[in-house]
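I would like the atomic coordinates for the input below:
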Amino acid sequence: MAKKERNNVTIKDVAEDAGVSTATVSRVLNKSPFVTDDLRKRVRASIAKLGYRPNAAARALKTKETRAIGILVPDIANPYFMHIIKGIEDVIAPLEYSLLMASSDEDPMKEQKLINVLAEDRIDCLVLATAGSNEEVIEAVHFGGLPIVLVDRLPEELADSMDAVVEDNYGAAYELTQRVLEQGVHSLAVIHGPQTASTAQQRAAGVRAAIRDTAPRVAVTEYYGDFYFNSGLRAARRFLEKGCPEALLAMNNLMAMGALSELLKRGCKIGTDLVFGSYGAVDTLMLPGTTIYYVNQSPRALGASVGKLVKRRLHDPEADVVYDVVKQPVLVQRL
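Okay, here's the model as predicted:
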């Protein structure tokens, strides 16, 4: 590789010279323990050879704090994300930082535009629950000098390269599915989230593993939604065209509410006609005398953990990367 001017060397140049991915370079720069000594030496040799200086130029250009934290989530109207934001606020408010909030609406193109807008010296840190497909943009902004803390969603390409707080989506989905299948059902309908989202991918993997381990002969019908109420409603209609399944799982709370709405409209008795499971609690005021299995999420506590990482990163920009996985139990709600 022809040597560039020092200030023009990018993380991609380092990755190419070392023969590794940009994610590996990211992990080395962030002192992640999940890199072999050989790769670490190769990356550091390329950094020295090319004269790469991560973050230094960006920090030099940014001469003052904005005293603002950006928060970008897929759906700001979803109570789950609202509680996360409240948890962040609980920790950040005493520091006298303002919170600038935006919603990508699960649209990667909209998310990309919002990331770029927020990154233009308007915030001191970005909290991001990514809609997916923007890994290169996120890495570029992060290594341009803006600290990023990922919440709820962690694409594989970004793992260990920046701070993150996520749920154990695979484990919780596995346990939820197992609890439902243990009721002896012979047919199962599943409403998955969008597979561009890491959470949806992990939950789908957990569901399928539980089916394989618990009831491999159960008849399974799957529907891919978008994490919104209407997709749960449409999924239930699709399932009911072939008759009511003995069990139904919805992989987030809003899709669960949409499915429940349609099932009740059609006269299905939840807990009697079919076993119902939801990844996340649902509003059960309209469900007297029913039983629901659900993953008991704690979004406000998740947000508080994010707030602590933001506070830590602002205090020490060179601190080691933290990857926090939050476990959440599966509960049974009987009304």
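
what is the burial count for Ala140?
18 (other CB atoms under 10 Å). The way it works is simple: take the backbone N, C-alpha and C, and place the C-beta from them, glycine included.

ah, wrong one, I meant Lys49
Neighbours of Lys49 using other CB under 10 Å come to 14.

where does it fall, secondary structure wise?
Element membership of Lys49, judged by DSSP states H and E, is helix 37-50.

could you pull out the helices for this structure?
According to DSSP state H, the chain carries its helices in the segments 11-18, 22-29, 37-50, 56-61, 79-92, 108-119, 135-142, 169-181, 198-214, 229-240, 253-265, 299-315.

got JSON lines for these, with mean pLDDT and distance to Cys125 too?
What follows is those, written out as JSON lines (pLDDT from 0 to 100; distance: least, CB to CB, whole Å):
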{"stretch": "helix 11-18", "mean pLDDT": "87", "distance to Cys125": "20"}
{"stretch": "helix 22-29", "mean pLDDT": "78", "distance to Cys125": "17"}
{"stretch": "helix 37-50", "mean pLDDT": "85", "distance to Cys125": "24"}
{"stretch": "helix 56-61", "mean pLDDT": "44", "distance to Cys125": "13"}
{"stretch": "helix 79-92", "mean pLDDT": "96", "distance to Cys125": "9"}
{"stretch": "helix 108-119", "mean pLDDT": "91", "distance to Cys125": "10"}
{"stretch": "helix 135-142", "mean pLDDT": "87", "distance to Cys125": "11"}
{"stretch": "helix 169-181", "mean pLDDT": "96", "distance to Cys125": "24"}
{"stretch": "helix 198-214", "mean pLDDT": "97", "distance to Cys125": "21"}
{"stretch": "helix 229-240", "mean pLDDT": "97", "distance to Cys125": "31"}
{"stretch": "helix 253-265", "mean pLDDT": "94", "distance to Cys125": "28"}
{"stretch": "helix 299-315", "mean pLDDT": "95", "distance to Cys125": "5"}
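
distance to Thr291 added to those, as a markdown table?
Output for the helices of the chain, formatted as a markdown table (distance: least, CB to CB, whole Å):
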| stretch | distance to Thr291 |
| --- | --- |
| helix 11-18 | 52 |
| helix 22-29 | 44 |
| helix 37-50 | 51 |
| helix 56-61 | 54 |
| helix 79-92 | 22 |
| helix 108-119 | 38 |
| helix 135-142 | 41 |
| helix 169-181 | 11 |
| helix 198-214 | 19 |
| helix 229-240 | 18 |
| helix 253-265 | 13 |
| helix 299-315 | 24 |
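
so which of these is nearest Arg153?
Of all the helices of the chain, the one in closest proximity to Arg153, counting by CB to CB, is helix 198-214 (4.7 Å).

hmm, who's touching the closest one?
With contacts defined as CB atoms under 8 Å, 6 or more residues apart in numbering, helix 198-214 is touched by 130, 132, 152-156, 166-167, 169-178, 181-182, 188, 190, 192-195, 218, 220, 227, 249, 251, 279.

and that helix, how far out from the chain middle?
16 Å (CA atoms, centre = their mean, to the nearest Å).

which positions in it come out as buried?
198-204, 206-211 (16 or more other CB atoms under 10 Å).

please apply the same query to stretch 293-302.
Here stretch 293-302 shows Tyr293, Tyr294, Val295, Gln297, Ser298, Pro299, Arg300, Ala301, Leu302 as buried, counting by 16+ other CB under 10 Å.

show me which of these is closest to Leu29.
For the buried residues of stretch 293-302, the nearest to Leu29 is Leu302 (26.3 Å; CB to CB).

quick one, what contacts the closest residue to Ser161 other than its chain neighbours?
Sequence neighbours aside, Ser26 is the residue nearest to Ser161 in space, at 3.4 Å (criterion: CB to CB, 6 or more residues apart in numbering). Neighbouring residues of Ser26 by CB under 8 Å, 6+ apart: Ile11, Ser32, Glu139, His142, Phe143, Leu158, Ser161, Met162.

please report how far the fifth one lies from Glu96.
Just to be clear, that refers to Phe143. Applying CB to CB, to the nearest Å, the value for Phe143 to Glu96 is 28 Å.

looking at the two, which has the bigger crowd around it?
Phe143 (23 against 7).

and the gap between the more buried one and Gln202?
For Phe143, the distance to Gln202 - CB to CB - is 26 Å.

same question, Ala259
For Ala259, the distance to Gln202 - CB to CB - is 21 Å.

try Gly258
21 Å.

same check, this time on Lys269
Computed as CB to CB, the Lys269 to Gln202 distance reads 31 Å.

Arg208 too?
Using CB to CB, Arg208 is found at 11 Å from Gln202.

and of the helices of the chain, who's closest to Tyr323?
helix 299-315 (10.0 Å).

name the helices or strands packed onto the closest one?
Helix 299-315 sits against helix 79-92, strand 125-128, strand 148-151, strand 164-167, strand 323-326, with contacts defined as 3 or more CB pairs under 8 Å, 6 or more residues apart in numbering; DSSP states H and E.

just put the ones you listed in JSON lines and tack on mean neighbour count.
Shown next, in JSON lines, are the helices and strands packed on helix 299-315 (neighbours: other CB atoms under 10 Å):
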{"stretch": "helix 79-92", "mean neighbour count": "20"}
{"stretch": "strand 125-128", "mean neighbour count": "26"}
{"stretch": "strand 148-151", "mean neighbour count": "26"}
{"stretch": "strand 164-167", "mean neighbour count": "24"}
{"stretch": "strand 323-326", "mean neighbour count": "15"}
